[in-house]
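Peer 1: Pasting the sequence and the predicted coordinates here, then a few questions.
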Amino acid sequence: MFGILASIIDGVLVGLVYGLAAMGLTLIWGVMDVINLTHGTMIVAGMLALYLMANALGVPPYLTLPPVLVGGFLVGVALYWIAVHRMIGRPPLMSLLSTFAVNLVLIGIGTAVWGTALFNVSVSLPGITIDRYTFPGAHILAAVLAAVIAAGLYLFLHRTRLGKALRAVANNREAAELVGIPSTRLLAIAFGCGVALAGVSGMLIGTLFPFTVLSGDGYQLKGFVVTVLGGFGNPVGALLGGVALGLLEGAVTPFVPVSWTLVIEFALFVLVLIAFPGGVFARRGNL
Amino acid sequence: MKRICLLAAAATFAAAPAFAEDTITVGMTQSLTGPLNVDSLGQERGYEYWRDEVNAKGGIKVGDKQYKVKFVTYDDQSVGGRVQQLYTRIVVQDKADFLFSPYSSGLTAPAAVISEQYGKIMVVSGGAEEKPFMLGNKYLFMAITSASHYLSGAVEALKANSPHAKIAMVYSDDPFSKTVLAATAEQAKAAGLDIVMNESYAPSTTDFGPVVNKIISSNADAFLGGGHYSDGATLARQMYDQKANMKWVSILVAPADDKFGELGPAALGVTVPSQWEIQVSYKPQFGPTTAEFAKAFQAKFNAKPDYHSASGYTAGVVLQHAIEQAQSIDPEKVAAALNATDIQTFFGPIKFATDPGHHGLQIAHQMVLAQWQMVDGKLGRQVVWPNDAKSAPLLYPIPPATH
């Protein structure tokens, strides 16, 4: 019986990390109506940064978080100027194609340099064992860090001038410009934040599971499901969506054959799209 | 315009060699890009090493002719659709005499349609699924052990060490893994072992946390399953992290890669069925010994050969042997020679089924079981089964997780 509860708790722990990953996706969508198809690759970039720093340079895994956050932000700002800026205000398909193209280039470089070999970062943290079920320490810490970063983003968006300006741009770009907000610079910053979130969540996932250069696709797909559950453009909703998805995976697995988990997950995805076209916690244009 | 045509014609004649060497063209696709690129690399190297070695020795001897081997290769991008286009091109345009398989069962099946359609012999070294061999194909030959025997050794070894083992079978929902585990379930039942969980997962599964809890709830003490690289490694790591304390773990494919050792303590005790390991010591009637092969391979690629390299190389050896036996490069005669093949190579014995229902399936070669063990403070694979091929005693039960 406790096995079911254990699965649910484990699902929620991992769900928080999925939620963090989806926050990046939804932040960018919320501010500039761009679906960033490099998202999965940026998650992998975070994983690789963790791997290279931790395994090659011997940096303790969790100390790679600040450099990944800063590095992710800078990469995001650069990506914005390269691939996104000229697509702002154009039909959504344009930015979709442009980020898709950049993604193919990045994946190509990644497989050329690293191949599709397996990477693993071992983290030895004591876990909590109840009955026969163990919650690994890395899962608990990753969930806590994800929650802290998510809270940080919330405070940033609601308590700082820059964050408020970002929300203003998301709400109404023209009006924001009229009151003197430099919207282009803010779009670049938002994109940087989105990519930084993807990178950090990748880094956290990298402490939990082995990965390859191509692992990003699975997490990107999860990101979309979470975003839809949580409501497009709503970062807090994305976090809740992530928890909901993890909870669902944990709660469903003990009762049905494992191969049905994805079927149920995507059936729910379609149902939510029908019932709440904007997502369960939708607050479009109002970050 | 006329002048350009003349120039072009002159250039064409100039490019053609005055006396064409006798060559045999062998065609294949390789997965240079896409998800199979690492898995495919070993097989590519095996093929190439065979070609270079044959050519260095003057070629394949047929009567008074010495045929040099030439390869025609394309990148199939790990995509089945590309395989069919490219194999057609290899046969029709590049006029290949013989074919080697691409890597993986998923890509071999579409390639086999083309090889059979054009009556070209294709030696398969990287796709263990049996289905293409049940269709009455005449020119398809599998150099490796087929999927339904992948875990036979694991079941035997488990039975010998724990006659009342309770098995959890959790495996990827792909044709190869399903074939392997379906056959394994039959073998385990026949051996009187108890299967307490039997489930497949979507290949895109990223988190096995709830699955591992389900394994724990099932009271299993032995695990058989996996699929490919990241899923197999993730399963091994999560079973360790969540202290599932399995006494026996056999995982397909992933642990056969040296990178699996990165899992550290989570890799310890994990067994993997392997077509060949560097410690295996068969006495070959044809081709090099394992030691010769390993040494020359290391010198050429600066890497240890894995079983994909050995099986790729063996595909070449088997084809060469058949051509030399047939004393011809005519597909019918070479196919007849392959049907009659019964040789020992460093890779193990090679013999093909000849009944129409299984034609071309490998019936002599056997898998070995390799286990990740600690040797001199370093993790590495040792052959632990069958007993007459083992390089180290089996570690059973796997010591419980210590963290």
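Peer 2: Yes, it's here. Numbering: from 1, shown residues only, chains lettered A, B, ... in the order given.
Peer 1: Which element is encountered next along the chain beyond the lengthiest strand in chain B?
Peer 2: Secondary structure of chain B per DSSP state E: the longest strand is strand B:65-75. Beyond strand B:65-75 in the direction of the C-terminus, DSSP states H and E gives the next helix or strand as helix B:80-92.
Peer 1: Does that next one reach chain A?
Peer 2: No. Judged by CB under 8 Å from any CB of the partner chain, helix B:80-92 stays clear of chain A, getting no closer than 16.0 Å. Every C-beta, even on glycine, is put in place using the N, C-alpha and C of the backbone.
Peer 1: How many residues are close by the closest residue to B:Gln30 other than its chain neighbours?
Peer 2: Excluding the flanking residues, the one nearest B:Gln30 by CB to CB, 6 or more residues apart in numbering or on different chains is B:Glu44, at 4.9 Å. The number of residues packed near B:Glu44 is 22, by other CB atoms under 10 Å in any protein chain shown.
Peer 1: Regarding B:Glu44, which helix or strand does it belong to?
Peer 2: With DSSP H and E as criterion, B:Glu44 is part of helix B:37-56.
Peer 1: packing partners for the helix or strand just after that helix?
Peer 2: As assigned by DSSP H and E, the chain's next helix or strand after helix B:37-56 is strand B:60-62. Applying 3 or more CB pairs under 8 Å, 6 or more residues apart in numbering or on different chains; DSSP states H and E, one finds that strand B:60-62 contacts strand B:65-75, helix B:307-326.
Peer 1: Please work out which residues outside strand B:60-62 touch it.
Peer 2: By CB atoms under 8 Å, 6 or more residues apart in numbering or on different chains, the surrounding residues in contact with strand B:60-62 are B:Ile24, B:Val54, B:Gln66, B:Tyr67, B:Val69, B:Gln320, B:Ile323, B:Glu324, B:Gln327, B:Ser328, B:Ile329.
Peer 1: let's go with 6 Å and repeat that
Peer 2: B:Tyr67, B:Gln320, B:Ile323, B:Gln327 (CB atoms under 6 Å, 6 or more residues apart in numbering or on different chains).
Peer 1: Around the second one, how many other residues sit close by?
Peer 2: Right, B:Gln320. There are 21 residues near B:Gln320, going by other CB under 10 Å.
Peer 1: The chain: helices as residue ranges?
Peer 2: In the absence of a named chain, chain A is used. A:2-32, A:39-51, A:65-79, A:92-114, A:137-159, A:161-171, A:173-178, A:183-206, A:216-230, A:235-252, A:260-275 (DSSP state H).
Peer 1: looking at chain B here, not the other one
Peer 2: Under DSSP H, chain B gives helices at B:2-15, B:37-56, B:80-92, B:105-117, B:152-161, B:175-190, B:209-217, B:229-241, B:290-301, B:307-326, B:331-340.
Peer 1: Okay, now the unreliable bits of the chain?
Peer 2: Chain wasn't specified; assuming chain A. A:1, A:282-287 (pLDDT under 70).
Peer 1: The intended chain is chain B.
Peer 2: In chain B, residues with pLDDT under 70: B:1-21, B:402-403.
Peer 1: residues in it within reach of chain A, list them.
Peer 2: With CB under 6 Å from any CB of the partner chain as the criterion, chain B meets chain A at residues B:35, B:37-38, B:173, B:199-202, B:204, B:206-207, B:209-211, B:213-214, B:216-217, B:229-230, B:233-234, B:237, B:241-243, B:259, B:262-264, B:403.
Peer 1: Of the contacts of strand B:60-62, which is the most crowded?
Peer 2: Neighbour-wise, these (other CB under 10 Å) top out at B:Ile323, 25 neighbours.
Peer 1: check contacts around that residue.
Peer 2: Contacts of B:Ile323 (CB under 6 Å, 6+ apart): B:Ile60, B:Val334.
Peer 1: Against B:Glu262, how distant is it?
Peer 2: To B:Glu262, B:Ile323 is 42 Å away according to CB to CB, to the nearest Å.
Peer 1: can you check A:Phe281 too?
Peer 2: From A:Phe281 to B:Glu262 the distance is 39 Å (CB to CB).
Peer 1: Neighbour count for these two, which is higher?
Peer 2: Higher neighbour count among A:Phe281 and B:Glu262: B:Glu262, with 21 against 18, using other CB under 10 Å.
Peer 1: closest one to chain B among the helices of chain A?
Peer 2: Closest to chain B of the helices of chain A, according to CB to the nearest CB: helix A:2-32, at 3.8 Å.
Peer 1: Please name every helix or strand in contact with that closest one.
Peer 2: Applying 3 or more CB pairs under 6 Å, 6 or more residues apart in numbering or on different chains; DSSP states H and E, we find helix A:2-32 packed against helix A:137-159, helix A:183-206, helix A:216-230, helix A:235-252, helix B:209-217.
Peer 1: What angle do helix A:65-79 and that helix make with each other?
Peer 2: Between helix A:2-32 and helix A:65-79, the angle comes out at 40 degrees (axes from the mean of the first three to the mean of the last three CA atoms, to 10 degrees).
Peer 1: Flag every buried residue along helix A:2-32.
Peer 2: Buried residues in helix A:2-32, counted by 16 or more other CB atoms under 10 Å in any protein chain shown: A:3-32.
Peer 1: residue contacts, residue 75?
Peer 2: Just so you know, I chose chain A. A:Val75 makes contact with A:Val195, according to CB under 6 Å, 6+ apart.
Peer 1: you looked at the wrong chain, it should be chain B
Peer 2: B:Leu32, B:Thr33.
Peer 1: what number of residues lie near the closest residue to A:Ile82 other than its chain neighbours?
Peer 2: Spatial nearest neighbour of A:Ile82, excluding adjacent residues (CB to CB, 6+ apart): A:Val102 at 7.1 Å. For A:Val102, the tally of surrounding residues (other CB under 10 Å) stands at 18.
Peer 1: Okay, A:Val102 and B:Val79: tell me how far apart.
Peer 2: Relative to B:Val79, and taking CB to CB, A:Val102 is found at 22 Å.
Peer 1: What of B:Gln366?
Peer 2: For B:Gln366, the distance to B:Val79 - CB to CB - is 32 Å.
Peer 1: Neighbour count: these two, which is higher?
Peer 2: Using other CB under 10 Å as the criterion, B:Gln366 and B:Val79 rank with B:Val79 on top: 20 against 14.
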